[in-house]
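A.B. asks: Take a look and give me a structure for this.
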Amino acid sequence: MPLVDTDLDDAHTDYTHPRIRPVPAGCAESEDDWRRRLQHDTPGGHLLAHNAMIQALTSGRPIHLMHTTTALDAIRASGQLYSSSGCLLAALYCAPLTETPAGLRPHNLGAYLLQTKSHTQTLMIEIKPTAPAPARGIDYLRLGRVHLGTYLDHRSFLTKAEDLRLRRRALHQIRTAAPFLDVALAGAAGRRTAPGTFVDQLAAAVQNLPFLGYVYFEVLSEYLMLHSTSTETKALAEVGEMNNRLYKRLAFSAVSGMDKLFDLSRFHPDHQRLHDLIADIEPPLAPGAAEYTRDRLSHLLTALAVDPGQDATIFTFRDQDFDSLAKAAPSLLGQTLFREMRILQRYPQLYLAFEQAKALRAWNYWNHHQIRAPFNGFLPKGEIGVNPAYPADCTVWLGETCERGLIHPVDELDVAFVPRMADLGMTAMRRDATGKAAGHPAAA
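C.D. replies: From the prediction side, this is the model:
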């Protein structure tokens, strides 16, 4: 019998069998309204449910993935592969590979990784399922309740001073951003601010509430990938792939040093900057970017942040205390606590205590639901992982890229997936030169 975990159910998405989540009362549009708009009213909307990655996952045939690493010697020596936290929660981050007569062709995300991470080595992974399984993705923007629950269950790992600081900082961030959060609620209820004004307010609010930078970026990624009609995007759509280079260009143009530490808390272009960034990527999309951001982010943030039992027309974030937010806006509070915890001085020591707890919960859920390879479920853009706890038949090779860009197995590795999180220093959440982890305000 499938495991019942309502928080993780809410955080998972299946585009082939969409589940309509409730939204707060007073919202002008439902989740179903937005799903139809995205899927049927955009040039790339058909790729949400019908793409090469989802077809591979649901086919019942062997699944081929690629993973880039700088730790091949350590992997060989230990004989083990660990997962890490991030957008895939507790999976080994990979990109899809497609079988061709001449070799395995990387998804355009994988091709990008091969091009930009020349210092890494490539692992080729084959998962042999015993039967077709549903293609379910983990939407990391919806993990706030999981973050909050983990914090509440494991507060004993914190000193009283750490716990007090964490709660005060999270509450301060939400209270400081409350004027913008209320603007977003009003927008979701149909009382919209001018697009340029909204984006300027959003850009300012990100610097007080880092989670907003993640939502802002994902909304723009969605806008670009679903609305692009460039020759490059059309060619990728023909092979069932979304164009990942669009949001990569956006991130690296918007934030200096993003290629070294991908930290979306630093993503906060104002209205004019946003127009210029989109114009440099695909000029016809620039005029509509601010309006789309206003409409989509208002609805999405309200659906993410506020408990469905609330009313968007009367709820306010002003003057809320910690306990009231835990009831009325648990997801936003959890996302805020999660990012604030990552800048605690003892985070390297606390990392496994909190992240391994979430991982165990996720692996248990994935195993019950036969999720071997969870993908980034906000959009099925090719970010996919290996569930290290699933008792599946997996083979790992060292891969080599030929002159045609295809990957070929050259050496089978004697390694096994282990249900354990990698140490913080080995992950994308590693600390930067100032000692802070990704996901913090620039001047925290």
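
A.B. asks: how near is residue 327 to residue 313?
C.D. replies: Distance of residue 327 to residue 313, computed by Cβ to Cβ, to the nearest Å: 18 Å. C-betas here are computed from N, CA, C, even on glycine.

A.B. asks: Just give the number of residues close to the closest residue to residue 236 other than its chain neighbours.
C.D. replies: Sequence neighbours aside, residue 243 is the residue nearest to residue 236 in space, at 5.0 Å (criterion: Cβ to Cβ, 6 or more residues apart in numbering). For residue 243, the count of nearby residues is 25 (other Cβ atoms under 10 Å).

A.B. asks: Assess the claim that residue 243 and residue 228 are in contact.
C.D. replies: Yes. At 6.0 Å, residue 243 counts as touching residue 228 under the criterion of Cβ atoms under 8 Å.

A.B. asks: can you list the weak-confidence ranges in the stretch 301-444 of the chain?
C.D. replies: Within the stretch 301-444 of the chain, the stretches with pLDDT under 70 are 425-444.

A.B. asks: how about the helices in it?
C.D. replies: 322-328, 330-341, 347-368 (DSSP state H, counting those that start in this stretch).

A.B. asks: From the contact counts, what lies against the shortest one?
C.D. replies: Counting contacts by 3 or more Cβ pairs under 8 Å, 6 or more residues apart in numbering; DSSP states H and E, helix 322-328 packs against helix 160-188, helix 330-341.

A.B. asks: What of the longest one?
C.D. replies: The criterion is 3+ Cβ pairs under 8 Å, 6+ apart, and the helices and strands that helix 347-368 contacts are helix 6-11, helix 144-153, helix 330-341, strand 416-421.

A.B. asks: Contacts for that helix next, please.
C.D. replies: With Cβ atoms under 8 Å, 6 or more residues apart in numbering as the test, helix 347-368 has contacts from 2-3, 5, 8, 83, 85, 89-90, 138, 146-147, 150-151, 153-154, 157-158, 341, 344, 371-372, 374, 387-391, 419-421, 423-425, 431, 437.

A.B. asks: Quick one, which of those residues are buried?
C.D. replies: 5, 8, 83, 85, 89-90, 138, 146-147, 150-151, 158, 341, 344, 371-372, 374, 387-390, 419-421, 424, 431, 437 (16 or more other Cβ atoms under 10 Å).

A.B. asks: Tell me the confidence at the nearest residue to residue 308 once chain neighbours are set aside?
C.D. replies: Spatial nearest neighbour of residue 308, chain neighbours left out: residue 22 (4.0 Å); criterion: Cβ to Cβ, 6+ apart. pLDDT for residue 22: 94.

A.B. asks: related to what we said a few turns ago, tell me the spacing between the residue nearest to residue 236 and residue 7.
C.D. replies: Distance from residue 243 to residue 7, by Cβ to Cβ: 32 Å.

A.B. asks: Tell me the secondary structure at the residue minimising distance to the centre of the chain.
C.D. replies: Centroid-nearest residue in the chain, with Cα atoms, centre = their mean: residue 87, separated by 3.7 Å. Secondary structure state of residue 87, per DSSP: H, G, I helix; E, B strand; the rest coil, is coil.

A.B. asks: In this structure residue 320 contacts residue 174, no?
C.D. replies: Yes. The criterion here is Cβ under 8 Å, and residue 320 meets it with residue 174 at 7.0 Å.

A.B. asks: Looking at these two, which one has more neighbours?
C.D. replies: Under the criterion of other Cβ under 10 Å, the comparison of residue 320 against residue 174 puts residue 174 first, with 24 against 20.

A.B. asks: Who are the contact partners of the more buried one?
C.D. replies: Going by Cβ under 8 Å, 6+ apart, residue 174 touches 181, 209, 317, 320, 325, 329, 332-333, 336.

A.B. asks: go with 6 Å
C.D. replies: Residue 174 makes contacts with residue 336, as judged by Cβ atoms under 6 Å, 6 or more residues apart in numbering.

A.B. asks: And for the one 4 residues further on?
C.D. replies: Contacts here follow Cβ under 6 Å, 6+ apart; on that basis residue 178 touches 317-318.

A.B. asks: could you measure residue 85 against residue 352, distance?
C.D. replies: 10 Å.

A.B. asks: Need the nearest residue in space to residue 98, chain neighbours excluded.
C.D. replies: residue 105 is the one closest to residue 98 (Cβ to Cβ, 6+ apart), at 4.7 Å.
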